[in-house]
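> This is a predicted model, with the sequence first.
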Amino acid sequence: MTVLCYHAVESQWESPLAVAPPDFDAQCQWVSRHRTALTLDQALTRMGRNGRLPRGQAHLSFDDGFESLYDSMFPAVTRYGLPASVFLVAQTLTPQGQVVDWVDDPPECPPSTLSLDQVLEMQDAGIDFQSHTWAHRDLTTLGYDECVDDLRSSRQLLGDLLGKQVTSLAYPRGRHSGMVREAARKAGYTHAFALPEENEDVDEFAIPRVGIYRGNSTRVFQVKNAPSYLALRHGRLAGIARRVRGH
Ligand SMILES: [Zn+2]
C-alpha cells in the first residue's frame, strides 16, 4: 500500500494542491473503513524494499505546513482517529518567517503557514512533524555543501522547536538526485520521501508517495490506494494510471 502525499486542505484556494475539506473528510472516512492507517514510524518500519506498505495499510503525509492543516486537516484526522505526518519548511517558524513563494499558482494572498503554537498543539495530539527543508528550494539546484547546510539547519531548528529528533525529510516537489540523497544522509536524516512522476529507484532516501490533488474523485482516490497503483503507474499500464492521476 501507499504513503499518500497531500498539501493544503481548503476550499478557497483553487489549486491542485488544495483538497476541498468535504473531499478530504470523505477520504478520511474511506481510509478509516478500508485501511489500517499507520503512524510515520510504523510506516517506515513496515515498508518493503519497493517502498510500499503491506496490503491494507496506508499513511497520510502533508507537505509545506499550510495553516489550513490546523483548520481542516487536524479536526478530520482527529475525528477518524488517523495518524498523520506533516513536513515543515523550517524558515516559516523563524521570527522573521517566510512568505510562501514556492507554489506555482498562488492565490491573491499567499497561503499562511502553521504557527509554532499550532504545530505544538497538533504534535501533542499525535501529529508527527518532520522536515521539508529550510526554505523549500529545489535541492537539485544547490551545491553539495549548500544542500547539506540547508538540510542540517532545518533538522536542527525543527528538532529544537519540537523537542525531538527530526529524522525524516520530504524533498521539495519530490526532486532529488544522488547528490541530494547523499546530502540528506550526511545531514543526519534516516529516511526521505519523494513524489515520483516517473519510475524511480526506491531506497530509504527515495521513498515514493502518491499525490492526492483537488478534485480527485472517490473512485480516483480508491485507485490511488490500490496495491498495484505505483507499479501500474510506472509500468506498461502507465497511460491508464495517468488518466486517473488527476494532476
Ligand atoms: Zn512542498
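Received the coordinates, thanks. Numbering: from 1, shown residues only.

> From here on, just use CA atoms for contacts and neighbour counts.
Fine.

> Could you list the residues of the chain in contact with the ion?
Within the chain, the residues that sit near the ion (C-alpha under 5 Å from the ion) are 64, 172.

> shaky segments in the chain?
Per-residue confidence of the chain (counting by pLDDT under 70) places the weak regions at 1, 231-247.

> longest strand in it, by residue count?
With DSSP state E setting the assignment, residue counts place strand 57-63 as the longest strand in the chain.

> what about dumping the CA coordinates of that strand to CSV?
As requested, the backbone C-alpha atoms of strand 57-63 are provided in CSV (Å, rounded to 0.1, in the frame of the first residue of the first chain):
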residue,chain,number,x,y,z
GLN,A,57,-2.1,-0.2,5.3
ALA,A,58,-1.7,3.4,4.5
HIS,A,59,0.0,6.6,5.8
LEU,A,60,-1.2,10.2,5.3
SER,A,61,1.6,12.8,4.9
PHE,A,62,1.3,16.5,4.2
ASP,A,63,3.9,18.8,2.7
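
> Residue numbering should commence at 59 henceforth.
Understood, numbering begins at 59; the last thing we discussed is strand 115-121.

> Let me see the residues that make contact with it.
By C-alpha atoms under 8 Å, 6 or more residues apart in numbering, the surrounding residues in contact with strand 115-121 are 59-66, 89, 93-98, 101, 141-146, 190, 228, 283.

> If any of these are buried, put those into a ChimeraX selection.
With 16 or more other C-alpha atoms under 10 Å as the burial test, the buried ones among the contacts of strand 115-121 are selected in ChimeraX as follows:
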select :59,60,61,62,63,64,65,66,89,93,94,95,96,97,98,101,141,142,143,144,145,146,190,228,283
